[in-house]
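Enquirer: Return atomic coordinates for the entry below.
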Amino acid sequence: HTKEFYLKFDCRPGNRLAREWRSAALLAARHIPMVEHLAWGRSSQGELLITRALPDAEQAGTYFFHQCLQNGAPAEEFAEALAEFARQIIGSGLFHPDFHCGNVLYLPERNQFALVDVYGVRRATMFDHFRYYRMERILMELREAFDRAHLLRLLAIEGVSEEHAQETLDLIREFPELADVETA
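Expert: Here you go, the predicted model:
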């Protein structure tokens, strides 16, 4: 079995890859599953970051769309595991500014998730107290398979109060399939 790696190269100023490397260290210290960050370096040409690929994984959004929505695979187990993963991240005291299914890998054989593209992850500040709203993007991806009551339950798994869960779903009321469903 050959291991695959991802190489990121960035020649822009700003040390973006160094910041991603530090973000990965914060996540690792809190045991948040993510792709393994192996090395970071800088030269006069730019920065290089090496991560290990997860060859058996696919983007969570892609899996959900193809397997659950198109092929009828059970969505409940996937969504509950995703909600638990989100709860772990939200409860870690860290804030991921770009948390959505495209930056989450899914390993179907283990029903587990891992973060990719962790640039910008930082310790949460008092201004991030509404960070559960970042789940809005994931909820929009899940809305086609779940009614409002199920989405409220998934937010509850993450530890979001019922009042805040209602507010979160109200943020995406412009999507009729959610706005018109009665709350259980």
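Enquirer: rest of the way, CA atoms for contacts and neighbours
Expert: OK.
Enquirer: element containing residue 48?
Expert: strand 46-52 (DSSP states H and E).
Enquirer: Doesn't residue 117 lie inside a strand?
Expert: No - using DSSP: H, G, I helix; E, B strand; the rest coil, the assignment for residue 117 is coil, not a strand.
Enquirer: dump the residue contacts of it.
Expert: 20, 103 (C-alpha atoms under 8 Å, 6 or more residues apart in numbering).
Enquirer: 10 Å - rerun?
Expert: 20, 23-24, 34-35, 96, 98-99, 102-104 (C-alpha atoms under 10 Å, 6 or more residues apart in numbering).
Enquirer: What about those, which one has the most neighbours?
Expert: residue 24 (25 neighbours; other C-alpha atoms under 10 Å).
Enquirer: Residues contacting the strand holding residue 48, please?
Expert: Against strand 46-52 from outside (C-alpha under 10 Å, 6+ apart): 3-18, 20-21, 34-42, 116.
Enquirer: got it, and stretch 119-132?
Expert: In contact with stretch 119-132 (C-alpha under 10 Å, 6+ apart) are residues 16-27, 86-87, 90, 92-99, 155, 158-160, 164-165, 168.
Enquirer: Return a ChimeraX selection command for the buried portion of those.
Expert: To isolate the buried members of the contacts of stretch 119-132 in ChimeraX, using 16 or more other C-alpha atoms under 10 Å:
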select :16,17,18,19,20,21,22,23,24,26,27,86,87,90,92,94,95,96,99,155,158,159,160,164,165,168
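Enquirer: Cool, thanks, signing off.
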